[in-house]
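> A predicted structure for the sequence below; I have some questions about it.
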Amino acid sequence: MTAIMAPASEPPHSDRVDPLAGSAWSAPGTVAGFSKSAPNPVLMGYAARQRHCARMRVLDIGCGAGRNAVPLAQSGMPVIGTDLSWPMLGAASERGAGLDLRLVLAPMDALPVRSGTVDLIVAHGIWNLARTGLEFRQAVAEAARVGRAGAALFVFTFSRRTLPPRRHLSPMNRSSSRSSPAVRRSF
């Protein structure tokens with residue numbers, strides 16, 4: 001059953017305030033566009049290959065209108081989708097009616113999910129929206145916290161600026177960056 005939930009600290013549904021009200025993310029045209037978006041085929045294939053049990057639990061961080069969360073739920077996976085836009089969550093709820101899809105108003109850096117309970121974490125076009133390096137690091141840490149040991153992770157970003165420029169490498173990694181094309185970055 002599809003349900004939209006708010007954290008316990010939120011008011012009842014009729015009194016909810018959209019945290020993204022006035023932004024493009026909650027504008028009717030944007031929501032309508034995302035509602036028509038096809039799922040990412042690379043993610044769908046990846047999820048199918050990662051499926052190691054009948055009830056593989058998925059977390060879609062920043063699920064928007066359910067572009068990926070709904071098809072994952074349609075494939076029989078229980079899905080938790082989080083987003084900060086009530087209109088986006090409403091659209092996802094309509095698309096996912098009758099599926100094992102739980103939708104929650106929550107920021108990427110404070111996930112209302114028990115630690116170690118998720119088998120596949122999807123961060124599709126969300127982490128690049130972090131407003132600060134701290135928010136980005138907290139979001140990644142939250143994803144790590146909720147993942148089971150050996151959980152799969154699918155990350156898609158829309159911006160090359162998600163990662164800091166090369167000059168921000170830690171001193172420990174500077175010497176290895178000269179000899180290796182695979183450079184580890186510190187955040």
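Cool, the structure landed. Residues are numbered from 1 along each chain as shown.
> CA only for contacts and neighbour counts going forward, please
Noted.
> secondary structure element holding P71?
helix 69-74 (DSSP states H and E).
> residues in contact with that helix?
Applying C-alpha atoms under 8 Å, 6 or more residues apart in numbering, the contact partners of helix 69-74 are 39, 44, 47, 60, 63, 78-81, 92, 95-96, 99-101.
> make a PyMOL selection of the buried ones in those.
Here is the PyMOL command that selects the buried residues among the contacts of helix 69-74 (16 or more other C-alpha atoms under 10 Å):
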select buried, resi 47+60+63+78+79+80+81+92+95+96+99+100+101
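> tell me which of the contacts of helix 69-74 fall in helices.
M44, A47, A92, R95 (DSSP state H).
> using PDB, write down the CA coordinates of the helix holding P71.
The C-alpha trace of helix 69-74 is given here as PDB (Å, rounded to 0.1, in the frame of the first residue of the first chain):
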ATOM      1  CA  ALA A  69      10.700   4.200  -7.000                       C
ATOM      2  CA  VAL A  70       7.500   3.100  -8.700                       C
ATOM      3  CA  PRO A  71       9.100   0.700 -11.200                       C
ATOM      4  CA  LEU A  72      11.200  -0.800  -8.500                       C
ATOM      5  CA  ALA A  73       8.100  -1.400  -6.400                       C
ATOM      6  CA  GLN A  74       6.300  -2.800  -9.500                       C
END
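> buried ones in that helix, by neighbour count?
Result for helix 69-74 [16+ other C-alpha under 10 Å]: buried residues A69, V70, P71, L72, A73, Q74.
> same thing with stretch 152-161?
A152, L153.
> what mean pLDDT does it have?
For stretch 152-161, mean pLDDT rounds to 80.
> how distant is it from the center of its chain?
Computed by C-alpha atoms, centre = their mean, to the nearest Å, the chain-centroid distance of stretch 152-161 equals 10 Å.
> contact partners of that stretch?
With C-alpha under 8 Å, 6+ apart, stretch 152-161 has contacts from 43, 46, 50, 119-128.
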